[in-house]
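**Student:** got a structure for you, letters missing:
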């Protein structure tokens, strides 16, 4: 079956975004270790380093989830399609209300004289467009990966029936199996593995730098 262009494109986008998420989580973990050593707070019930560590673990979880889903999409795994639909629903649920709130709720005016006079408006428009773009992406994924033609690409092919008596007793010749075509373009496979290895090595580079 012909593979839709949107499937590998979405997979690459998910892998790139997840690699960036893992990189941010590694930076948060590095920042938590630095904060705990440089400014220990004995009287505080929960230190800033502990909060950053917990947030980094959560971000690591989302990044790993997205990375596994992106690789699963490259292999046309059914669980990866369902996982992306769940992620897209969360993306719309979080981003769309944020975009609406930023468009309605008034923001405090900037009092710093070094900032431009329309700084608040620029921030409102920029953040609104940021959340709107994520909401649009989530809505597109909900629509695209629920299309019948796309869902059919993730259906497992049923195994060919076999005869217990052997092919000589079937009464009709069965053609020899034909070598199947590659499941995806070689370039997409190389990009997927490159991003997977890069996202795994990046935290180590941050901790050793």
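**Tutor:** Looks like it arrived, so ask away. These numbers were taken from a predicted model, which means no experiment stands behind them.

**Student:** Provide the secondary structure category for residue 117.
**Tutor:** Secondary structure, DSSP: H, G, I helix; E, B strand; the rest coil: residue 117 is coil.

**Student:** Just give me the neighbour total for residue 52.
**Tutor:** Neighbourhood size, residue 52 [other C-beta atoms under 10 Å]: 20. (C-beta placed from N, C-alpha, C; glycine too.)

**Student:** now for the strand or helix carrying it, which elements pack on it?
**Tutor:** Element membership for residue 52, per DSSP states H and E: helix 48-74. Contact analysis of helix 48-74 by 3 or more C-beta pairs under 8 Å, 6 or more residues apart in numbering; DSSP states H and E lists helix 6-38, helix 78-104, helix 186-208 as its packing neighbours.

**Student:** same question for the longest one, mean pLDDT?
**Tutor:** In this case it means helix 6-38. Confidence for helix 6-38, expressed as mean pLDDT, is 84.

**Student:** quick check: angle from it to helix 48-74?
**Tutor:** 160 degrees (axes from the mean of the first three to the mean of the last three C-alpha atoms, to 10 degrees).

**Student:** Mark out where each domain of the chain begins and ends.
**Tutor:** 1-77+186-209, 84-149 (automatic domain parsing).

**Student:** Let me see the mean pLDDT of the last one.
**Tutor:** Think domain 84-149. Per-residue scores along domain 84-149 average to 86.

**Student:** Do me a favour and get the end-to-end distance for it?
**Tutor:** Domain 84-149 has an end-to-end distance of 17 Å (criterion: C-alpha to C-alpha, to the nearest Å).

**Student:** Can you get me a residue count around residue 77?
**Tutor:** Quick note: residue 77 (other C-beta under 10 Å) scores 16 neighbours.
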